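*Asks:* the following comprises the amino acid sequence and a computationally predicted model.
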Amino acid sequence: MSSERDQTSPSPTSTFSAPQADATDLETGSPSRYVLVGIATTLALIVCCTLAFVWLNRSAGSRDAVPTPAPGSNARVEVSGLLAPGAAFGVRGTGFQPNEAVEIFLATSTASPVSELRKLGDAIAGPDGTFQRDDLTAPDAAGQYYLTARGGASGFTRFTPITVSGDLVPTAPPEPPTPTPGPSGPLPDLILNSVAIELETGASCAYVSTQLGIRVIVQNVGSAPAGPFLVQANNQQQLVPGGLVPGQTASLWFAGFTTGANLVVVDPTGMVVESNRDNNTFNGPLAVPTLPATCTPPPGPTPPVVTPTPNPNPTGAWYGQYFGNPDLVPPVLFDQNLPGPFLNVNWGTGAPGPNVPRNNWSAIFTGNANFPTIDNYQFALTVDGGARVFVDDMLIINQWFSAGLRTVTADVSLTAGLHNLRVEYYKAGASARVALNWKVNYSGWEGRYYNSPNLTGPIVIKRDDPPASPNPPGFLNTAAISNWPPPQVNPFNFSVDWRRSVNFPVAGTYVFTATVDDGARLLIDGQIVPGMDDFTAGAKTLVGTRVLNAGQHFLQVQYVNYTGPGSLSLTWALVPVPTPTNTPPIPPTPTPTVPLPPTVTPTPAPPTDTPTPTTTPTPAPPTDTPAPTDTPTPTFTPSVTPTPSATPVPTDTPTPPVIIVVTTTP
């Protein structure tokens, strides 16, 4: 159709011709075609203008809007004292989201729209949602002004009034340090070589309170020495007083860590002029390493002896007493009752109660908790600030240092019944929080100890004995267990029942070996392993095997000690499956083949050509039946009658007569 229309439509230079009978108005270029095009163009222009007008109004509205706080936001900025014209001043921000980017603005009125705000600077909120800028510049003209800040997630803060007084003499801002050599010359480059959670410096084992912290290694990879600088890890800072020469490293350890993101910054105050500052910050979670064996804390300063008021509450509730100093020194300014059995208090940035300051305070929380069973209990302390935990007046967690939010754990073996708990706390940063909970926990071997040599009588203590090697395989070795046997157990004539679920990743036959003094028994899934059941006195080695499916299996080790120091070591290994020898296959013995004489296949002779030296027998008439005899006729012509054992002669045509050629062997 289109080709036909192209052939009939006039060219651009041709004169207008009369329309054909079957042509439409648009095809013929009638006046109504131009009317429709004009209407469409006008409508398009109207739509475009309307959209542009709406967009411009919205943009103008956003610029002219007055900054308002986001719903539910507690962010704010604070300024202390009067300001001199053009003087440097400091701003503190609180209530922002952790690690949030913040912009700081100046306004001349609380009704100033966003478009009229004057930006003074930027800041990054710390993990506690606070920031501090001490290098902002006040307006040159005296008068009343207002500060506000905008967080990327928190939005604008409320206006904070500031007064710039002409009666104050402005102090000249400090001259910026001149780098030597200049920016065009060689410069240092401080980088974070590594950041990891590690054990306290110089410690070979962990206290019950798991003294872990952040290890920071800083290196100067630049071509010039770096002067003194600070390193910040969360809310703590340490000085590298001698700086670093090119290639040199500095190792620093910061007590405590957070379970979420940890913020580490090299030279946060910009003391060193560097060639590159993009590699000075780490902000993310850190892997908590496997804790080493526990040990006795080295001698140190004895915590102050504090005698709190006895808890007036019934069992399961907590009693809190607050002091107006960080050292738990009386008098008590405020006390309160808190629900139990767990302790969980989050004061945020506010004061804990009337008459107690917002900062530099401490508290003691006491409680009596009922533990229903004799078991190993894992206590978990979550704290923002400093804290320590006592169970029956025994210190089990010691975090009495200033640090951000973190969680530490400690395992304690307790008898069934009531136990006294005490948590001591002091506020160290902008926010305050403390929580304590516990649960029955066995991550290694569940050890049940008896003061009898036959696993009878009451259980003296149940505790979590660590395996001798990581899991898998998780062997058992009393030499690797701290404080073994426990002091609650007799030095001799005692027994132990260890239990643990172990994962065997590969199915097969396992050999178990126990070196024991005095006796031991091994059960797997409730069945005694043959060869691993001997409770006689004396040192010995027991060996047994068991076929196991892949997966979890329940192991139970029963041990007895009669006299003298005892010991037990249990290991296991998978018996390797013999690998078949790669012997080349023996080729089959060839069977000698005796050549057979060629099979004579009678071939139907052509009807006209019979090249044979013998006399061609006269074909039998169709009605003749060959004589069933093996004796040839008494003529020179051999009989053409086949013997009974002769193979029937195949024929290609069923039409008789069949001509058979017989070749005689000379």
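*Replies:* Cool, got the structure. Residues are numbered from 1 along each chain as shown.
*Asks:* what ranges do the strands span in the stretch 101-250 of the chain?
*Replies:* 101-107, 118-124, 131-137, 143-151, 155-156, 160-164, 190-199, 212-220, 229-233, 236-240, 249-255 (DSSP state E, counting those that start in this stretch).
*Asks:* so which of the ones you listed comes closest to Gly566?
*Replies:* Evaluated over these, closeness to Gly566 peaks at strand 190-199, with 30.5 Å, by C-beta to C-beta. C-betas here are computed from N, CA, C, even on glycine.
*Asks:* okay, buried residues for the closest one please.
*Replies:* Residues 190-193, 195, 197-199 are the ones in strand 190-199 that count as buried (16 or more other C-beta atoms under 10 Å).
*Asks:* on that earlier part again, between the strands of the stretch 101-250 of the chain, which gets nearest to Ala435?
*Replies:* strand 212-220 (18.5 Å).
*Asks:* elements contacting that closest one?
*Replies:* Contacts defined by 3 or more C-beta pairs under 8 Å, 6 or more residues apart in numbering; DSSP states H and E place strand 212-220 against strand 190-199, strand 229-233, strand 249-255, strand 262-266.
*Asks:* which is the next helix or strand following the helix or strand hosting Asn420?
*Replies:* Counting by DSSP states H and E, the element that carries Asn420 is strand 417-426. Toward the C-terminus, strand 417-426 is succeeded by strand 432-440 as the next helix or strand (DSSP H and E).
*Asks:* which residues touch that next one?
*Replies:* By C-beta atoms under 8 Å, 6 or more residues apart in numbering, the residues outside strand 432-440 that reach it are 342-349, 352, 365, 373, 375-385, 387, 389, 405, 421, 423, 425.
*Asks:* burial of Ala430, as a residue count?
*Replies:* Neighbourhood size, Ala430 [other C-beta atoms under 10 Å]: 19.
*Asks:* what sits against it?
*Replies:* So Ala430 contacts 94, 128-130, 349 (C-beta under 8 Å, 6+ apart).
*Asks:* hang on, the earlier thing: nearest approach to Phe554 belongs to which of the helices and strands packed on strand 212-220?
*Replies:* For the helices and strands packed on strand 212-220, the distance to Phe554 is smallest for strand 190-199, at 33.1 Å, taking C-beta to C-beta.
*Asks:* the residue lying closest to Gln378 once chain neighbours are set aside: neighbouring residues, count only.
*Replies:* Spatial nearest neighbour of Gln378, excluding adjacent residues (C-beta to C-beta, 6 or more residues apart in numbering): Asn441 at 3.6 Å. By the measure other C-beta under 10 Å, the count of residues near Asn441 is 16.
*Asks:* which residues does Asn441 contact?
*Replies:* Neighbours of Asn441 in contact, by C-beta under 8 Å, 6+ apart: 376-378, 411, 464.
*Asks:* now these in TSV, with secondary structure?
*Replies:* TSV is the format used below for the contacts of Asn441 (DSSP: H, G, I helix; E, B strand; the rest coil):
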residue	secondary structure
Asn376	strand
Tyr377	strand
Gln378	strand
Asp411	strand
Asp464	strand
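*Asks:* next, give me the two most distant ones among those.
*Replies:* Tyr377 and Asp464 (9.5 Å).
*Asks:* so these two - more neighbours on which side?
*Replies:* Neighbours per residue (other C-beta under 10 Å) separate Tyr377 from Asp464, with Tyr377 holding more: 23 against 19.
*Asks:* and that one, how far from Pro330?
*Replies:* For Tyr377, the distance to Pro330 (C-beta to C-beta, to the nearest Å) stands at 32 Å.
*Asks:* pull up the distance across stretch 67-78, start to finish.
*Replies:* The first residue of stretch 67-78 is 17 Å away from its last residue (C-alpha to C-alpha, to the nearest Å).
*Asks:* thinking again about what came up before, helices or strands up against the strand holding Asn420?
*Replies:* Using 3+ C-beta pairs under 8 Å, 6+ apart, strand 417-426 is in contact with strand 362-371, strand 386-391, strand 432-440.
*Asks:* helix/strand/coil for Ala40?
*Replies:* From three-state DSSP, the assignment for Ala40 is helix.
*Asks:* show me what contacts Gly350?
*Replies:* Residues in contact with Gly350 (C-beta under 8 Å, 6+ apart) are Arg358.
*Asks:* that one belongs to a helix?
*Replies:* No: counting by three-state DSSP, Gly350 falls outside a helix, being coil.
*Asks:* now it: how far from Asn74?
*Replies:* Distance of Gly350 to Asn74, given as C-beta to C-beta: 10 Å.
*Asks:* which residues does Gly284 bridge with?
*Replies:* Beta-bridge pairing for Gly284 (DSSP bridges): Asn262.
*Asks:* what pLDDT does it get?
*Replies:* At Gly284, the pLDDT value in this model is 87.
*Asks:* same deal with Pro139?
*Replies:* With respect to pLDDT, Pro139 scores 89.
*Asks:* run a quick neighbour tally on it.
*Replies:* When neighbours are defined as other C-beta under 10 Å, Pro139 has 17 of them.
*Asks:* give me the mean pLDDT for stretch 261-270.
*Replies:* Average pLDDT, stretch 261-270: 87.
*Asks:* actually stretch 214-223, not the one I typed
*Replies:* Here stretch 214-223 scores 93 as its mean pLDDT.
*Asks:* go on, stretch 461-477?
*Replies:* Mean predicted confidence for stretch 461-477 is 80.
*Asks:* now stretch 495-512
*Replies:* 93.
*Asks:* quick one: end-to-end distance for it.
*Replies:* By C-alpha to C-alpha, the extent of stretch 495-512 from end to end equals 21 Å.
*Asks:* next one: stretch 443-459
*Replies:* Span of stretch 443-459 from end to end, C-alpha to C-alpha: 20 Å.
*Asks:* stretch 237-257 now?
*Replies:* End-to-end span of stretch 237-257 (C-alpha to C-alpha): 13 Å.
*Asks:* circling back to that earlier point, overlap in contacts, Tyr377 and Asp464.
*Replies:* 411, 413, 441.
*Asks:* what bridges to the second one?
*Replies:* Same thing as Ser413. Applying DSSP bridges, one finds that Ser413 bridges with Asn376.
*Asks:* neighbours of it, how many?
*Replies:* Residues lying near Ser413 (other C-beta under 10 Å) number 17.
*Asks:* and if you look at the one 10 residues further on?
*Replies:* Other residues lying near Val423 total 23 when counted by other C-beta under 10 Å.
*Asks:* ok, now which ones touch it?
*Replies:* 343, 364-365, 381, 387-390, 434, 436.
*Asks:* likewise Leu192?
*Replies:* 216-218, 264, 266, 279-282.
*Asks:* for PyMOL, what selects the buried ones among those residues?
*Replies:* Remark: buried members of those, expressed as a PyMOL selection using 16+ other C-beta under 10 Å:
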select buried, resi 216+218+264+266+280+282
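*Asks:* just give me the closest of the contacts of Leu192 to Gly538.
*Replies:* Of all those, Gly538 sits closest to Ile217, with 52.5 Å by C-beta to C-beta.
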